[in-house]
Each structure stands twice: as C-alpha cells, then as structure tokens.
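> how does the following fold in three dimensions:
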Amino acid sequence: MSTLVHYRVHGAVARLTLDSPHNRNALSTALVEQLHQGLADAADEPGVRVVVLDHTGGTFCAGADLSEAAGQDPGDIAVDRAREMTRTLRAILELPVPVIGAIDGHVRAGGMGLVGACDLVVAGPQSTFALTEARIGVAPSIISLTLLPKMAPRAAGRYFVTGEKFGAAEAADIGLITMAADDVAGAVDTLASEIAKGSPQGLATSKALTTASILRGFDALAEDLTRQSAQLFVSDEAREGMMAFLQKRPPNWVG
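Residues are numbered from 1 along each chain as shown. Sure thing, here's the model as predicted:
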C-alpha cells in the first residue's frame, strides 16, 4: 500500500501530511485509515504535545473519494461515507493533544469538516474555501457538526446556501480558521512552540473543555445526519446535480 499520509516527529511536534495529490487528497479508505493510524501514533508518542495536519499539492482536501463508489449500492456508500467522516472528525476532536491545520490550498466538502475539527488552523494566500453541496443536490450534513460551532451564524447562513468561494482572510473573520498568514509554516511553528510549553495533562484537559459541546452534538445528531446524508445522496436531485457537475452544464432542477 502506498503512503498517503506521512508521519514524522520532530521534538514535541508530530506532523501528518496528506499526500495524495492525484485525487486532491480525497478521503479514500486508505488515506482515512492512515490518518487514523497517524493520530493514534501521535497520541502514544510520549514527547508529543501538538499535531500539525498539512498537505502536499494545491488542495488540502476535496472530500470523499467518489471513485471508490463504482459498482456499489449508492445508499450503502452514502451511509458508509457519512459514518467514516463522523469517525474521522471525532478522532481529531478526541485526540488528547491539540491539532493545528496548516493549509495553503483549496478546501471543499469533507475537507471543510477537517478544518472545523482542528483546534487551530492557519491558512495561506492560496487557500480557498467553499461549501458547494447545495449546488449538486445534497447538503453539508455530517460536517455541519464541526462547522456550525466554529463559524459565525450569519456566515454559516450565507455560505451553506450560496456555495461561494472565499479566502483565508474571510475564513478568519468568520471564525472558520484561527488566522490567515502569508508565511503558514512560520505561523504554525510559533503556535506549536507555544503549545509545547504545556503539560500533557494540562493540554488534554484544556482541549477537552473546548470540544465537549461539539462532541455532545455528535452524540445527539450524528445518526440522524447520517440518514439525512444517505437520503439526499440517492435522490433524483442529487443524481441530476452530480451528472450536471461531471458534464459541466447547468443542472435541470425539477423539484
């Protein structure tokens, strides 16, 4: 199996790098498994105080890898993908060390959920963000669990329905990310060095205070949102929306 998530440790920092540029770092089964393993390894590393999640290529993460859906029942795929996304976001939220997202590229779909799950996020000038699900007949169901607690309500009300692209400065203004920076690596190093001054117990407990309410939302809503996601994915509107996207034409909505 090829390495799609590189794991390395330098001092107090464990770095996980998404490295599947051929499919825009899509969340394939293999990439997700390697990401989970990297998070587990970081939690078990005695000296690690912070995890940095970064990427190669011009896209941080484009969401689910739909190429793996060939020949499978669409309803089963939708449920499996929603549950896989829930599990991945929870793994980041429940990790006992803080996670910094280091982004200088495009973020879409499930990649937006990863951004919401990270404790801190630094984004560079090449970064763009968008929630385009409504344009293809679906909705950001599962990823709303990490996005809605972070984004300003008015901004969520706008970008969930317009599908507009926005950059790092706007993402910082609406609370989606921690800061926009021309030098992402330098800003991340500064944050990581500050976090590294904390004790394991102090960091784990402090982080848990900030994620507890988000995880309660998972417990209350994840199963209903999984069903919602599956129903939308197999609908006539979603089939038309995805076909229109692939054929690069306007969708013909009939609902």
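> elements contacting the worst-scoring helix or strand of the chain on mean pLDDT?
Using mean pLDDT, DSSP states H and E, helix 74-94 stands out as the lowest-scoring helix or strand of the chain, at a mean of 86. Under the contact criterion of 3 or more C-beta pairs under 8 Å, 6 or more residues apart in numbering; DSSP states H and E, helix 74-94 touches helix 29-44, helix 110-117, helix 144-147, helix 200-233. In short, each C-beta sits where N, CA and C put it, glycine included.
> mind listing what's buried in it?
Neighbour-count burial for helix 74-94 flags 77-86, 88-93 (criterion: 16 or more other C-beta atoms under 10 Å).
> repeat that for stretch 23-40.
Buried residues in stretch 23-40 (16+ other C-beta under 10 Å): 23-28, 30-32, 34-36, 38-39.
> what does stretch 241-255 give?
Buried residues in stretch 241-255 (16+ other C-beta under 10 Å): 241, 242, 244, 251.
> swap in stretch 212-226?
With burial defined by 16+ other C-beta under 10 Å, the residues of stretch 212-226 counted as buried are 214, 215, 218, 221, 222, 225, 226.
> distance check, the residue nearest to residue 109 when sequence neighbours are not counted against residue 199.
Excluding its sequence neighbours, the residue lying closest to residue 109 (C-beta to C-beta, 6 or more residues apart in numbering) is residue 63, at 2.6 Å. To residue 199, residue 63 is 36 Å away according to C-beta to C-beta, to the nearest Å.
> more crowded one of the two?
Taking other C-beta atoms under 10 Å, residue 63 and residue 199 do not tie; residue 63 has more neighbours (24 against 10).
> for residue 31, see how far away that one is.
12 Å.
> hey, where'd the strands end up in the stretch 51-200 of the chain?
59-61, 99-103, 106-108, 120-123, 128-130, 166-167, 179-180 (DSSP state E, counting those that start in this stretch).
> in this protein, which residue is most central in space?
The centre of the chain sits closest to residue 114, judged by C-alpha atoms, centre = their mean, with a distance of 1.7 Å.
> hmm, that residue is touching residue 92, no?
Yes. If you go by C-beta atoms under 8 Å, residue 114 and residue 92 touch, sitting 7.1 Å apart.
> tell me the angle the least confident helix or strand of the chain makes with helix 29-44.
20 degrees (axes from the mean of the first three to the mean of the last three C-alpha atoms, to 10 degrees).
> contacts for helix 74-94?
Identification of contacts with helix 74-94 by C-beta atoms under 8 Å, 6 or more residues apart in numbering yields 27, 29, 32, 35-36, 39, 53, 64, 69, 99, 110, 113-114, 116-118, 141-143, 145-146, 211, 214-215, 218, 222, 225-227, 229-230, 232-234.
> can you show me the CA trace of it as CSV?
Extracted in CSV, the C-alpha atoms of helix 74-94 (Å, rounded to 0.1, in the frame of the first residue of the first chain):
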residue,chain,number,x,y,z
PRO,A,74,-25.4,4.2,-3.7
GLY,A,75,-27.4,4.1,-0.4
ASP,A,76,-24.8,1.9,1.3
ILE,A,77,-22.0,4.1,0.0
ALA,A,78,-23.6,7.2,1.4
VAL,A,79,-24.1,5.6,4.9
ASP,A,80,-20.6,4.2,4.9
ARG,A,81,-19.1,7.5,3.9
ALA,A,82,-21.1,9.5,6.4
ARG,A,83,-20.1,7.2,9.3
GLU,A,84,-16.5,7.2,8.1
MET,A,85,-16.5,11.0,8.2
THR,A,86,-18.1,11.1,11.6
ARG,A,87,-15.4,8.7,12.9
THR,A,88,-12.6,10.8,11.4
LEU,A,89,-13.8,14.1,12.8
ARG,A,90,-14.3,12.5,16.2
ALA,A,91,-10.7,11.1,16.2
ILE,A,92,-9.4,14.7,15.8
LEU,A,93,-11.7,16.1,18.4
GLU,A,94,-10.9,13.4,20.9
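> quick one, it and helix 110-117 angle?
Going by the same axes, to 10 degrees, helix 74-94 makes 30 degrees with helix 110-117.
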